[in-house]
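[1] just coords:
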């Protein structure tokens, strides 16, 4: 039997008591103080290790769930800090009982290092790969990209954040004290049964619309509270959910200052009252807590998505999660601490997209969902340009250094669209101007109707390890809404 909202409220209220029990951490019990993922700083050593492992996580303070994580974590992985123009040597070992591949989402690297479905790591094996990073500072991430199993693996916990840094945040006037005024927030939703165990058993609705949950986790924790100093605080937001779109805002009406999108800084902060964040997307915000008052990061209903005019991913069709308004993260201010930064900077110095598209070739991408596959329980119910993904089908090949314009058609449903190995510029949305949150460099864009993007292919990807392009609703990806291309 699924967990009800009343059950959740009871558990949230009791979380403080449960967290005080011996042998149970705040993160395990729910409630308490928000914990940051452990930080692995590889900016000096130029190397890092990840060990994929199984463990048990107590999300709600009752029964545990078997989960997967990296290194010392039973769920999710550490935040990796890498120098933005450097060679990082990665070692990924698999101690799980099944293979997985690990994709560096947002890194602009060659296909052999990308970690797509053609690069599974067998049980007991280690994947050693050099990540030749030559791109601006950004918040990117890593997650399983295993053929037919990506949705399940990310639900289990195979994901984590990456900070690409150049060490110049002080010059930009940006907070940079990890876990104090610079918070990494991995936002996910989950479903739980009455015993408090997380469940992932996608039904027909989930395979069609994407799997959504009734419970919000931040850094794998339910009901946790962030405590910040008085002053300017930086939120690095990562939507690590399988399918849910968040429409983020401050409950107190505090201004959100957008300073970065998926793959880089904006040239200057942009004040917004809310921010839409689709699966796979990242954004960086500055919030001013100089007044010392507490706040709540919330997500309200999405009204501009949907399939055939319905509310997007809000449930109501053969099951699923019917809620789409959530409290995401309570934030309180410690008046005894003052933040290092006390004002929003006027300029950040990021380079805004301005691609030369003269002579660019064009390509049409149609993202298609078929009702028939849902009722047949077929894995290939989704497709791109009429073709469901097959490992041995190369959709096309492009020349290294080429620039293309892709027109992406969502076919009456909103889809977060991701391209591996590149960053791109969004040129238009439904024939009109680009939304503020899509104005910077991107690798994932929510296509709600049609979108035009400009891409330049600077990294080689042979047919043996091609780049993927796909919907980042993970049930759609696993269900066939993915293609692959080589760069030669």
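    Right, received. Where do you want to start? All of these numbers come straight from a predicted model, not from anything done at the bench.

[2] buried stuff in stretch 398-418?
    Applying a neighbour-count criterion of 16 or more other C-beta atoms under 10 Å, one finds 398, 403-410, 413-418 buried in stretch 398-418. Yep, even glycine has a C-beta here, placed from its N, CA and C like the rest.

[3] for those, which one is nearest residue 120?
    residue 418 (19.7 Å; C-beta to C-beta).

[4] re earlier: so which pair among the buried residues of stretch 398-418 is furthest apart in space?
    Going by C-beta to C-beta, the pair spanning these furthest: 403 and 413, at 28.5 Å.

[5] Residue 450: which of the buried residues of stretch 398-418 is nearest?
    Among those, and counting by C-beta to C-beta, the member closest to residue 450 is residue 409, at 5.3 Å.

[6] which one is that closest one nearest to, not counting chain neighbours?
    residue 366 (4.7 Å; C-beta to C-beta, 6 or more residues apart in numbering).

[7] ok, the one you found - contacts?
    384-386, 409, 411 (C-beta atoms under 8 Å, 6 or more residues apart in numbering).

[8] same question, residue 125
    Counting by C-beta under 8 Å, 6+ apart, residue 125 has contacts 93-94.

[9] Could you pull up phi and psi at the closest residue to residue 448 other than its chain neighbours?
    On the basis of C-beta to C-beta, 6+ apart, the spatially nearest residue to residue 448 that is not a chain neighbour turns out to be residue 414, at 4.1 Å. Phi and psi for residue 414, reported as degrees, to the nearest 10, are phi -80, psi 130.

[10] What are the structural domain limits within the protein?
    11-169, 182-338, 361-487 (automatic domain parsing).

[11] Among these, which comes closest to residue 350?
    Of those, nearest to residue 350 by C-beta to C-beta is domain 182-338, at 2.9 Å.

[12] Off-centre distance for that closest one?
    Put simply, domain 182-338 sits 11 Å off its chain's centre (C-alpha atoms, centre = their mean, to the nearest Å).

[13] Relative to residue 109, how far out is residue 119?
    12 Å (C-beta to C-beta, to the nearest Å).

[14] residues of the longest strand seen in the chain that come out buried?
    Longest strand in the chain, counting residues (DSSP state E): strand 326-338. For strand 326-338, a neighbour-count test (16+ other C-beta under 10 Å) marks 326, 328-333 as buried.

[15] partners of it in the sheet?
    Counting by DSSP bridges, the strands paired with strand 326-338 are strand 226-230 (parallel), strand 295-299 (antiparallel).

[16] Other residues contacting the last one?
    The contact list for strand 295-299 (C-beta under 8 Å, 6+ apart) reads 216, 235, 246-252, 254, 287, 289, 324-331.

[17] Name the nearest residue to residue 330, sequence neighbours excluded.
    Per C-beta to C-beta, 6+ apart, closest to residue 330 is residue 225, 4.6 Å.

[18] Now do the contacts for the one you found.
    Here residue 225 is in contact with 31-34, 329-332 (C-beta under 8 Å, 6+ apart).

[19] Residue 170 and residue 176 touch, don't they?
    Yes - in terms of C-beta atoms under 8 Å, residue 170 counts as a neighbour of residue 176; the distance is 6.8 Å.

[20] So which of the two has more stuff around it?
    residue 176 (17 against 11; other C-beta atoms under 10 Å).

[21] got a pLDDT number for the residue lying closest to the more buried one once chain neighbours are set aside?
    In space, residue 176 comes closest to residue 169 once its chain neighbours are excluded; the distance is 4.0 Å by C-beta to C-beta, 6+ apart. In this prediction, residue 169 carries a pLDDT score of 98.

[22] and the gap between residue 169 and residue 137?
    Counting by C-beta to C-beta, the gap from residue 169 to residue 137 is 8 Å.

[23] Turn the domains of the chain into JSON lines, columns for distance to residue 355.
    Shown next, in JSON lines, are the domains of the chain (distance: least, C-beta to C-beta, whole Å):
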{"stretch": "domain 11-169", "distance to residue 355": "14"}
{"stretch": "domain 182-338", "distance to residue 355": "13"}
{"stretch": "domain 361-487", "distance to residue 355": "5"}
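
[24] wait, which of those domains is closest to residue 346?
    Closest among those, using C-beta to C-beta: domain 182-338, at 6.5 Å.

[25] Can you tell me how far residue 194 is from residue 242?
    Taking C-beta to C-beta, one finds residue 194 at 22 Å from residue 242.

[26] what's the answer for residue 87, then?
    Residue 87 is 33 Å from residue 242, by C-beta to C-beta.

[27] So between these two, which is more surrounded?
    residue 242 (29 against 13).

[28] Look at that one and tell me its secondary structure.
    coil (DSSP: H, G, I helix; E, B strand; the rest coil).

[29] so what's it up against?
    Here residue 242 is in contact with 151, 154-155, 210-212, 279, 473-475 (C-beta under 8 Å, 6+ apart).

[30] Could you report the distance from it to residue 426?
    In terms of C-beta to C-beta, residue 242 sits 23 Å off from residue 426.

[31] Likewise for residue 184?
    Residue 184 sits 25 Å away from residue 426, going by C-beta to C-beta.

[32] sorry, back to before: just the closest of the contacts of residue 366 to residue 265, please.
    residue 409 (30.4 Å).

[33] I'd say the closest one and residue 364 touch.
    Yes - if you go by C-beta under 8 Å, residue 409 and residue 364 touch, sitting 7.1 Å apart.

[34] okay, and the common contacts of those two?
    With C-beta under 8 Å, 6+ apart, residue 409 and residue 364 have no common neighbours.

[35] these two touch, right, residue 229 and residue 181?
    Yes - using C-beta under 8 Å, residue 229 is in contact with residue 181, at 5.9 Å.

[36] so what sits against both of these two?
    In contact with both residue 229 and residue 181: residue 339, using C-beta under 8 Å, 6+ apart.

[37] what secondary structure does residue 31 sit in?
    coil.

[38] To what extent is it buried, counted in neighbours?
    Neighbours of residue 31 using other C-beta under 10 Å come to 22.

[39] cool, and the one 4 residues further on?
    The criterion is other C-beta under 10 Å. On that basis, residue 35 has 16 neighbouring residues.

[40] From residue 182, how far out is it?
    Going from residue 35 to residue 182 by C-beta to C-beta gives 15 Å.

[41] what do you get for residue 72?
    Taken as C-beta to C-beta, the span from residue 72 to residue 182 is 22 Å.

[42] what about those two, which has more around it?
    residue 182 (21 against 11).

[43] is the more buried one in a bridge, and if so with what?
    Bridge pairing for residue 182 - DSSP bridges - gives residue 178, residue 234.

[44] My guess is residue 287 contacts residue 259. True?
    No - the pair residue 287 / residue 259 is not scored as a contact, 10.9 Å apart, by C-beta under 8 Å.
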